[in-house]
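[1] Below is the sequence, then the predicted model.
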Amino acid sequence: MEFLGFLITQCLNALSQAALLFFLGVGLTLIFGIMRIVNFAHGTFFMLGAYVGYSAVATIGNFWAALIIAPLLVGGFGAAFELAILRHLYRRDHSAFLMVTFGLTLIMGEAIRLIWGVNALEVAAPQSLSGIVFILDEPFPIYRLFLAGAGIVVAIAIWQFLDRTRLGLLIRATSQNAEMVHALGTDVRLVRSAVFGIGCGLAGVGGVLAAPLVTASLAMAPNAVIDTFVIVIIGGMGSFAGSLIGALLVAFVQVFGTYYFPDLALALMYLVMLTVLVVRPGGLLGKEA
Amino acid sequence: MALLELDGLTRRFGGIIAVDRVTMRVEAGEVRAVIGPNGAGKSTLFNLITGVVPTSDGSVRFDDETLTGLSPYSICQRGVSRTFQITALFPEMTARENARLAAQARHARRWQPCGGGAVFGDTERRGDAALERLGLTHVASRPAGLLSHGDQRLLEVAMALAQQPRLLLLDEPTQGLSVEETAQAVETLAGLVSDGAMTVLLVEHDMEVVFRLARMITVLHRGAVIADGTPDEVKADAEVQLAYLGGLA
Amino acid sequence: MSFLRGVAAVACLLALAPAGLPPYAMTLLTEALILGLFAMSLDLMVGYTRLLSFGHAAAYGLGAYTSGNLLLHTTIPLVFAVPIAAVVSGIVAIGVAWVCTLASGVSFSMLTLAFAQLLYAVAFKWTSVTGASDGLAGIPRSPGPFGITFFTGKLGFYYLVLACLLGALLFCRALVRSPFGAVLRGIRENEAKTLTLGYNTRHYKIAVVAIAFALGGLAGALYAPFAGFANTELLFWLFSGQVLIMVIVGGAGTLVGPIIGAAFFMLVSNLLSSWTDSWALFFGLIFILFVLFAPQGIWGLAMRAFSGAPSAAGRGRWRSLNWTG
């Protein structure tokens, strides 16, 4: 019985971890799928979300409001960056995007350090979500349950959005044939800015949600970048379902791996990535490597 | 024994049979055209021979050696060179450098990490000779990306030629060319193949080009061979007429 | 002015530098030369083969820790420890490259980053070899052989570094102008076509990564006795990013450009850091500006200024990576 309780809580742990990773991965895969841009700064947008969330909570005093406002600000900044800078690079070699977003990472990282300082910042989870619940006699933080749930809800929401709404249709069409969409009268440039903004906004949501767990700190970005890319490589660049699977796979490997092989956890994850790349170079469900 | 022997060569993509038990014998020095309606499996056939796509069944034998299962670059090293439907070149290099790099691939010391004067001497000779046979000497110093479409198609053939292949596969060499460019290209190619020194497999849609260049024709329809023989035999074949004129039965 | 004459002229200038520069400047110059070597090694991958690596710090760290350990725990002379460390880096790189070249494009880049991060994590754990986050300290410049102590002094060490850089530059130049280099160029411009022509492109990629690592490892191996210490900062991903910036800002695909980029980086970071605490931010800005407006880098700009606007065919020897679409 004890083992079952342990198993269930660890699975829930992994699900909550997967939710965070999913927010990161789906944003990156969306941006890549639609615009063929590899957003190296994605982990930094995640970090920005955490910090802006911290400030939002500090000023407004309400976590839920921060959860809405911070991603909007982060996403807005992302869209603005695409508008101002990225859109000049579409004619160029795609490695230019990688370079520019890397430069953005450095700039944002430094700006965050200047504005918020070097120390890690604590963000309190809302009252309603703090505390623990007992599952089969094993204690489990309510906040993590909330995360797992939020992940599922958002995954379904995004799926429906892409499938059923007009903008979602436009986005899917643009990823397949941007010129056609343009010829049909839609300003593809707006779609692109919107997508970049949405992708960064999703990373921002992940950041806000992660803050109460891991505290906002400057070390978030490099870890997030790598995690995100591992997920997307496993699931395949540009595949929504792939980012879901990738997030779940990585989360489970991380959670159970850290428990059984604490020293090898990092290596385990890369091993999974390598195996996938050998067996299926385009990722499990990817469109292109 | 023929230079190239295809035996029951088959390729399936899921439920679709792209190439259906194709058996073919190409003698050394022959110029054979592979024709057929769109979707007949011609390009897939080339991809199977050159190892780009794995076979589902059957075999490819070249000069008594089995090619099936080898990697594309190994197959190329054995003397099989090809061109593609969609032109692929090194756009920033000059035409001469393109041909030189192609020739270098078949040089024994192509990987040499220093010096290389001797290697470059050999490869430039072969590359320049190939350019000349294709009538491209006057644009040898121009970057490949800046050549006319017709010249680019010819450069691709020159690059394949610079490799001194024993078997040359040409995939729709006149694709996308204007009427004039086509006429010019055909004359050049005719001059190339007239001495029978090279074995050529040619995929072409333009029937005039086919009849001008090929001595033997194989007709594919839905992945399978439906006729095989001299141009006159093929023209008279009832099944061929059905496939081309009788609609998609 | 031909390349070789230009290099000879600059080499003479640098050889005479100790006579004219104060000790503080000499230290900076030595470090700039080491970084220049590091950046140039990356150019082989990035500029000549279009293999974007975000983990080149791994080469530097490998070289530094290897030479550091050799110098600390054995009596192997400095002038042997350094090349040994470089060779070790190159050999390790063969395995790394074998794995990374399983993928291409972005996946390749991410694998290089992942490997560097893995090495970074390992360095923290393997404390006996690396001293963890404290690192190795007190790395000596061991004299020898035959009791020669010339290279252990500041002046001699400077000349050792200069010799390594010049030697590596000449080696790389020969490499990129050789048949091997021609294949690299083919891979850079159209890898699929190169494969079709009959080249086993994977082997060439593995080879160039190994060479790049060996030279990057050489730089790291020089750094350890230069600074006297080696720590995990040398493996940190930001460092990988900085060297990539040096290559791009200096001028990718030119060998000399990245060396200039390294010098530029050192100059700017030293100047800016006395002004403001956030020089990294300005560097990011400079980098983005270069990518947007001057993708051929400093060297490309200089070439254009001296020889007029280059035509596509007239780029001569100083071919730069075609970022401009």
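    That came through, no problem.
[2] what about the lengthiest helix in chain A, distance to the chain center?
    If you go by DSSP state H, chain A has its longest helix at helix A:2-35. Distance, stretch centre to chain centre, for helix A:2-35: 10 Å (CA atoms, centre = their mean, to the nearest Å).
[3] moving C-terminal of it, what's the next helix or strand?
    Sequence-wise, the next helix or strand downstream of helix A:2-35 (DSSP states H and E) is helix A:42-60.
[4] other SSEs contacting that following helix?
    helix A:2-35, helix A:63-84, helix A:95-116, helix A:188-214, helix A:220-235 (3 or more CB pairs under 8 Å, 6 or more residues apart in numbering or on different chains; DSSP states H and E). The C-beta positions use only the backbone N, C-alpha and C, and glycine is treated the same way.
[5] Show me what the last one is packed up against.
    Think helix A:220-235. helix A:2-35, helix A:42-60, helix A:95-116, helix A:188-214, helix A:240-260, helix A:265-279, helix C:106-125.
[6] Run through the stretch 201-325 of chain C and note the low-pLDDT ranges.
    C:308-325 (pLDDT under 70).
[7] So which helix or strand of chain B has the lowest pLDDT on average?
    Using mean pLDDT, DSSP states H and E, helix B:238-245 stands out as the lowest-scoring helix or strand of chain B, at a mean of 70.
[8] so what's residue B:152 closest to, chain neighbours aside?
    In this structure, residue B:152 finds its nearest non-sequential neighbour in residue B:87, 5.0 Å apart by CB to CB, 6 or more residues apart in numbering or on different chains.
[9] Doesn't the one you found belong to a helix?
    No. Counting by DSSP: H, G, I helix; E, B strand; the rest coil, residue B:87 is not found in a helix; it is coil.
[10] quick one, phi psi at it?
    The phi/psi pair for residue B:87 (degrees, to the nearest 10) reads phi -60, psi 130.
[11] Over to residue A:91?
    Torsion angles, degrees, to the nearest 10, at residue A:91: phi -80, psi -10.
[12] What is the neighbour count of it?
    Neighbours of residue A:91 under the rule other CB atoms under 10 Å in any protein chain shown: 8.
[13] beta partners of the residue sitting nearest the centre point of chain B?
    For chain B, the residue nearest the mean C-alpha position is residue B:169 (1.7 Å; CA atoms, centre = their mean). Beta-bridge partners for residue B:169, by DSSP bridges, are residue B:82, residue B:201.
[14] can you pull the contacts of it?
    The contact partners of residue B:169, by CB atoms under 8 Å, 6 or more residues apart in numbering or on different chains, come to B:46, B:49, B:50, B:80, B:81, B:82, B:83, B:200, B:201, B:202, B:203.
[15] One more: residue C:5?
    Going by CB under 8 Å, 6+ apart, the list of residues near residue C:5 is empty.
[16] what's the spacing between it and residue C:11?
    Distance from residue C:5 to residue C:11, counting by CB to CB, to the nearest Å: 10 Å.
[17] closest one to residue C:200 among the helices and strands packed on helix A:220-235?
    Closest approach to residue C:200 among the helices and strands packed on helix A:220-235 (CB to CB): helix C:106-125, 16.7 Å.
[18] is that closest one anywhere near chain A?
    Yes. Contact of helix C:106-125 with chain A (CB under 8 Å from any CB of the partner chain) involves C:106, C:107, C:109, C:110, C:111, C:113, C:114, C:115, C:117, C:118, C:121, C:125.
[19] May I have whichever helix or strand comes after that helix exported as CSV, CA atoms only?
    As assigned by DSSP H and E, the chain's next helix or strand after helix C:106-125 is helix C:127-130. Output of helix C:127-130 as CSV, limited to C-alpha atoms (Å, rounded to 0.1, in the frame of the first residue of the first chain):
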residue,chain,number,x,y,z
THR,C,127,35.8,16.6,-7.5
SER,C,128,39.0,14.5,-7.4
VAL,C,129,39.9,15.5,-10.9
THR,C,130,38.3,18.9,-11.1
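[20] Tell me which other helices or strands helix C:127-130 touches.
    helix C:57-73.
[21] in chain B, which spans are helices?
    In chain B, the helices defined using DSSP H lie at B:42-49, B:72-77, B:95-104, B:117-133, B:149-162, B:179-193, B:207-213, B:231-236, B:238-245.
[22] Name the stretch among those that sits most buried.
    Each of the helices of chain B was scored by mean neighbour count; the highest is helix B:95-104, a mean of 27, by mean count of other CB atoms under 10 Å in any protein chain shown.
[23] and it with helix B:149-162, angle?
    30 degrees (axes from the mean of the first three to the mean of the last three CA atoms, to 10 degrees).
[24] hmm, helix B:95-104 touching chain C?
    Yes. Using CB under 8 Å from any CB, we find that helix B:95-104 touches chain C at B:97, B:100, B:101, B:102, B:104.
[25] show me the contacts for whichever residue of chain B sits closest to chain C.
    Relative to chain C, the nearest point of chain B is residue B:76 (3.3 Å; CB to the nearest CB). Contacts here follow CB under 8 Å, 6+ apart; on that basis residue B:76 touches B:50, B:105, B:163, C:196, C:197, C:198.
[26] now with 10 Å?
    Going by CB atoms under 10 Å, 6 or more residues apart in numbering or on different chains, residue B:76 touches B:50-51, B:70, B:82, B:105-106, B:160, B:163, B:165, C:195-199.
[27] cool, residue B:212 as well?
    By CB under 10 Å, 6+ apart, the contact list for residue B:212 reads B:183, B:186, B:187, B:189, B:190, B:204, B:206, B:231.
[28] Any part of stretch C:177-197 near chain A?
    No. Under the criterion of CB under 10 Å from any CB of the partner chain, stretch C:177-197 makes no contact with chain A; the nearest approach is 10.9 Å.
[29] Name the residues of that stretch that are buried.
    For stretch C:177-197, a neighbour-count test (16 or more other CB atoms under 10 Å in any protein chain shown) marks C:178-191, C:193-197 as buried.
[30] Repeat that for stretch A:149-167.
    Per 16+ other CB under 10 Å, stretch A:149-167 contains these buried residues: A:150, A:151, A:154, A:155, A:158, A:162.
[31] now the spatially most central residue of chain C: how far from chain B?
    For chain C, the residue nearest the mean C-alpha position is residue C:38 (1.7 Å; CA atoms, centre = their mean). Going from residue C:38 to chain B by CB to the nearest CB, to the nearest Å gives 21 Å.
[32] Same question for residue C:298.
    To chain B, residue C:298 is 21 Å away according to CB to the nearest CB.
[33] count of neighbours near the nearest residue to residue A:5 once chain neighbours are set aside?
    Leaving aside its sequence neighbours, residue A:5 sits nearest to residue A:136 (CB to CB, 6+ apart; 3.4 Å). Residues lying near residue A:136 (other CB under 10 Å) number 14.
[34] Kindly report the same for residue C:102.
    Neighbours of residue C:102 using other CB under 10 Å come to 16.
[35] Please apply the same query to the one 10 residues further on.
    Burial measure for residue C:112: 25 neighbouring residues, criterion other CB under 10 Å.
[36] My guess is residue C:113 contacts residue A:223. True?
    No. Using CB atoms under 10 Å, residue C:113 is not in contact with residue A:223; the gap is 11.8 Å.
[37] and residue C:47, how far is that from residue C:209?
    From residue C:47 to residue C:209 the distance is 14 Å (CB to CB).
[38] Sorry, wrong one. I was asking about residue B:114.
    Distance from residue B:114 to residue C:209, by CB to CB: 18 Å.
[39] These two: which has the busier surroundings?
    Shown here are residue B:114 and residue C:209; by other CB under 10 Å, residue C:209 has more neighbours (27 against 13).
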